[in-house]
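# give me a model of this one.
(one chain, ligands or ions: 1)
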Amino acid sequence: MTIQEVAKKFQELFGETNGAGTFFAPGRVNLIGEHTDYNGGHVFPCALTMGIYGVMRKREDRVLRFYSLDFPEDGVVMSSLDELAPLSDKGWTAYPKGVVWAFAKKGYVVPAGFDFVIGGDIPSGSGLSSSAALEVLTGAALRDTFGFTDLTNVDLALIGQLSENEYNGMQCGIMDQFASAMVKEDCAIYLDTSRLEYTYAPLQLADASIVITNSKVKHALVGSPYNDRRRDCAKALACFKEHLPIESLGEMTVDQFETYKDLLPDPVVRVRARHAVYENARTIQALSALQAGNLARFGELMNASHVSLRDDYEVSCPELDLLAAAAWEVPGVIGSRMTGGGFGGCTVSIVENAALPQFQEALTSVYEDAYGKCPEFYIVRPGEGARALEM
Ligand code: GLA
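Next comes the predicted model:
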């Protein structure tokens, strides 16, 4: 997909692009730090070069017209600024409409309607954050189109999360929107989600590449056990808070967890909290390992992350487990794990370049034998966050 293709469609549907703005927001892949963001822990994602392009132009009335090159069967979706319906809106336009709603909630009332055409190349339902990219894209487009120039990219990430939580009913953390809005090219972003403090970590992988493997099991987090996991962690925190001066599981060390874990009467809640605390510790170690050039250690932490997501947090699925386990067997694979919310979607692996053909062959063959379908592979070049584009 290119911005030119999206602009061409805009012209066909809505006339010349004079006066319109052009924007891009990327998807993300998380290297480590999974299900830690709503627990006040650390995450470590990078942006993809895959993302969503958009062309927006303001109107004189209150009408909203949307078109997505990814959902041509929906045609032009008509709506209005007076038809924003939190928690009951349906279809892909619920994401941009949710952002308009969240802008107003933050005091940035969109004063007029707009025409908005989008098109992207993030495989949808793959756990690579196409919805966060769409939210951040819409935020960047509204900011420019309506002159809300004091909004920063961090604000756009927070507004995107608010819209996802309160308009679309998915209680996600801040990771995906933050990555899409803030990441820099060739870097991962190491984010402390409790303080929103971040560091850019250059991804110098020497002779290795980041490879995403798409299981093609569609992951849909709205209505999934994702919100249940959040509740389990909230229960654990409430128990700990009766005895410890903490505000989030992200503040706990592994030693503290081991000392106090028996305060949690429910064994399920205990293993959920164990994941949150240990995964945060692994993410902190992963930054040091990367900065020290110790890729082997980074890979071990990724593998341990997968095991914990599979066994303690129970957000993996047999397809992802097979892909990760098959990757661990291939010489030259530094680390491999499921990435994103889970229940389908993708794994992320770090693979020595010389081993890439063997990696793809091995995973394809194992996966085809078990499930009768081929996984898809994307070799990632860490991309740049959301931005306005020149035509
Ligand atoms: C989804 C959510 C994120 C994060 C991940 C799990 O992608 O949107 O906020 O919780 O799952 O790490």
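# leaving out chain neighbours, which residue sits closest to the residue nearest the centre of the chain?
Central residue of the chain (C-alpha atoms, centre = their mean): D176, 3.3 Å from the mean position. The shortest distance from D176 to any non-neighbouring residue, by C-beta to C-beta, 6 or more residues apart in numbering, is to A132 (3.5 Å). C-beta coordinates here come from the backbone N, C-alpha and C atoms, glycine included.
# try V315
G342 (3.3 Å).
# pLDDT wise, what is the one you found at?
pLDDT, G342: 94.
# part of a helix, is A104?
Yes: when DSSP: H, G, I helix; E, B strand; the rest coil is applied, A104 is found to be in a helix.
# so who does it touch?
V110 (C-beta atoms under 8 Å, 6 or more residues apart in numbering).
# same check, this time on Q285
297, 301.
# residue ranges of the strands in the protein, please?
21-30, 42-43, 45-58, 63-68, 77-80, 114-120, 187-192, 197-202, 208-214, 333-339, 346-352, 376-380, 387-388 (DSSP state E).
# how about the residues of this protein by the ligand?
Selection of the chain residues close to the ligand by C-beta under 6 Å from any ligand atom yields 34-35, 37-38, 172-173, 175-176, 340-341.
# ok, now how distant is Q4 from the ligand?
Relative to the ligand, Q4 is positioned 30 Å away (C-beta to the nearest ligand atom, to the nearest Å).
# how many other residues sit next to that residue?
Neighbourhood size, Q4 [other C-beta atoms under 10 Å]: 11.
# just checking, the residue nearest to D176 touches I174?
No: using C-beta atoms under 8 Å, A132 is not in contact with I174, being 9.6 Å away.
# of these two, who's got more company?
Neighbour count, other C-beta under 10 Å: between A132 and I174, A132 has more, with 29 against 22.
# for the more buried one, give me its contacts.
27-28, 160, 164, 172, 176-177, 179-180.
# compare these and tell me which is most surrounded.
Highest count within these by other C-beta under 10 Å belongs to S180, 36 neighbours.
# the helices in the stretch 151-300 of the chain, which residues?
153-162, 175-182, 226-241, 254-260, 267-291, 295-311 (DSSP state H, counting those that start in this stretch).
# export these to JSON lines and tack on distance to K97 and mean pLDDT?
Formatted as JSON lines, those follow (distance: least, C-beta to C-beta, whole Å; pLDDT from 0 to 100):
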{"stretch": "helix 153-162", "distance to K97": "13", "mean pLDDT": "98"}
{"stretch": "helix 175-182", "distance to K97": "16", "mean pLDDT": "98"}
{"stretch": "helix 226-241", "distance to K97": "21", "mean pLDDT": "96"}
{"stretch": "helix 254-260", "distance to K97": "41", "mean pLDDT": "97"}
{"stretch": "helix 267-291", "distance to K97": "32", "mean pLDDT": "98"}
{"stretch": "helix 295-311", "distance to K97": "32", "mean pLDDT": "98"}
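# deepest-packed of the ones you listed, please.
Of all the helices of the stretch 151-300 of the chain, helix 175-182 carries the top mean neighbour count, a mean of 30, counting by mean count of other C-beta atoms under 10 Å.
# from the chain's centre, how far out does it sit?
7 Å (C-alpha atoms, centre = their mean, to the nearest Å).
# what of stretch 161-170?
Per C-alpha atoms, centre = their mean, the centroid offset for stretch 161-170 relative to its chain is 14 Å.
# who touches that stretch?
In contact with stretch 161-170 (C-beta under 8 Å, 6+ apart) are residues 84, 86-87, 89, 94-95, 97-99, 101-102, 105-106, 131-132, 135, 171-174, 177, 221-222, 226-227.
# try stretch 241-261
Here stretch 241-261 has contacts from 36, 39-42, 192-194, 233, 236-237, 240, 263, 270, 273-274, 276-278, 280-281, using C-beta under 8 Å, 6+ apart.
# try 6 Å
39-41, 194, 237, 263, 270, 273, 276-277, 280-281 (C-beta atoms under 6 Å, 6 or more residues apart in numbering).
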